[in-house]
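[1] I would like to see how this sequence folds:
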Amino acid sequence: MNEQQDRSAQDKDVDEATAEETFEESVAEIEVDSEIAEDSAQDLSQLLEQARAKADEHYAQLMRAHAELENAKKRHARDLENAHKFALDRFVAELLGVRDSLELGHNAAIDESADVNKLREGTELTLKMLGDAMAKFGVEQIDPLDQPFNPELHQAMSMQPRADVPPNTVVAVVQKGYTLNGRLVRPAMVMVSQAVGPA
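    Purely as a prediction, here's the structure:
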């Protein structure tokens with residue numbers, strides 16, 4: 001039994017030594033894991049700081065972009081308001097010369113010794129000035145005399161039986177029409193021919 005006790009004591013010593021080594025290994029592993037965790041925590045902290053810095057930078061960029069967008073909106077609204085307000089500015093400047101010419105003609109016509117031929121010539125020049133000013137801004141006259149009737153540009157006031165022209169031909173223009181940059185502003189008021197019926 002002594003041998004057994006000796007063996008038992010030796011096994012106990014071995015078990016204690018093994019347990020002590022295992023404990024020391026565990027402590028060493030925990031220390032290594034703790035160092036890794038500390039390093040990892042420092043890395044995560046640095047990454048978090050970098051992410052915060054980027055987020056702050058992106059937020060600042062977003063705020064600048066938002067402010068620029070608001071300024072652009074205000075500038076666009078102001079420009080649009082000015083465009084509406086002064087859209088006719090150049091057109092009015094062109095018409096001022098026509099008005100001046102009309103006033104000169106009117107003053108000349110009031111004079112009892114006015115020369116009718118000069119008045120007529122002045123009126124023709126004024127009409128040409130007006131036509132040029134209108135054409136400069138895309139206003140075109142519709143004068144469809146002797147052309148086929150076009151319901152998109154003409155408005156028939158009456159029909160006249162005519163044998164000398166084909167049916168649906170404009171035979172008289174009561175009032176000229178106008179387009180602005182190709183869009184109808186006012187149709188031409190016209191009289192249109194129709195076929196002569198049997199007598």
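
[2] got a pLDDT number for the residue nearest the centre of the chain?
    Computing the C-alpha centroid of the chain and ranking residues by Cα atoms, centre = their mean puts H76 first, at 9.8 Å. Listed pLDDT for H76 reads 94.

[3] likewise the one 3 residues further on?
    At D79 the predicted local confidence, pLDDT, stands at 91.

[4] Centre of the chain to the helix or strand hosting it, how far?
    Assigned by DSSP states H and E, D79 belongs to helix 2-85. In terms of Cα atoms, centre = their mean, to the nearest Å, the centre of helix 2-85 is set 47 Å apart from its chain centre.

[5] so V185 touches I142, yeah?
    No. Using Cβ atoms under 8 Å as the test, V185 is too far from I142 to be in contact (9.3 Å). Where you see a C-beta, it was placed from the backbone N, CA and C, and this is true even at glycine.

[6] any shared contact partners between these two?
    177-179 (Cβ atoms under 8 Å, 6 or more residues apart in numbering).

[7] where does the residue nearest to A195 when sequence neighbours are not counted sit relative to N150, distance-wise?
    In space, not counting the residues next to it along the chain, A195 is nearest to P167; the distance is 4.5 Å by Cβ to Cβ, 6 or more residues apart in numbering. Applying Cβ to Cβ, to the nearest Å, the value for P167 to N150 is 14 Å.

[8] Report the helix or strand with the lowest average pLDDT across the chain.
    None of the helices or strands of the chain scores lower by mean pLDDT, DSSP states H and E than helix 2-85, at a mean of 79.

[9] Tell me which residues of stretch 172-186 come out buried.
    173, 177-179 (16 or more other Cβ atoms under 10 Å).

[10] Over to stretch 114-127?
    Buried residues in stretch 114-127 (16+ other Cβ under 10 Å): 122, 126.

[11] Off-centre distance for that stretch?
    Using Cα atoms, centre = their mean, the offset of stretch 114-127 from its chain centre is 47 Å.

[12] ok, now stretch 82-96?
    22 Å.

[13] How far does that stretch stretch from one end to the other?
    Taking Cα to Cα, to the nearest Å, stretch 82-96 runs 21 Å from one end to the other.
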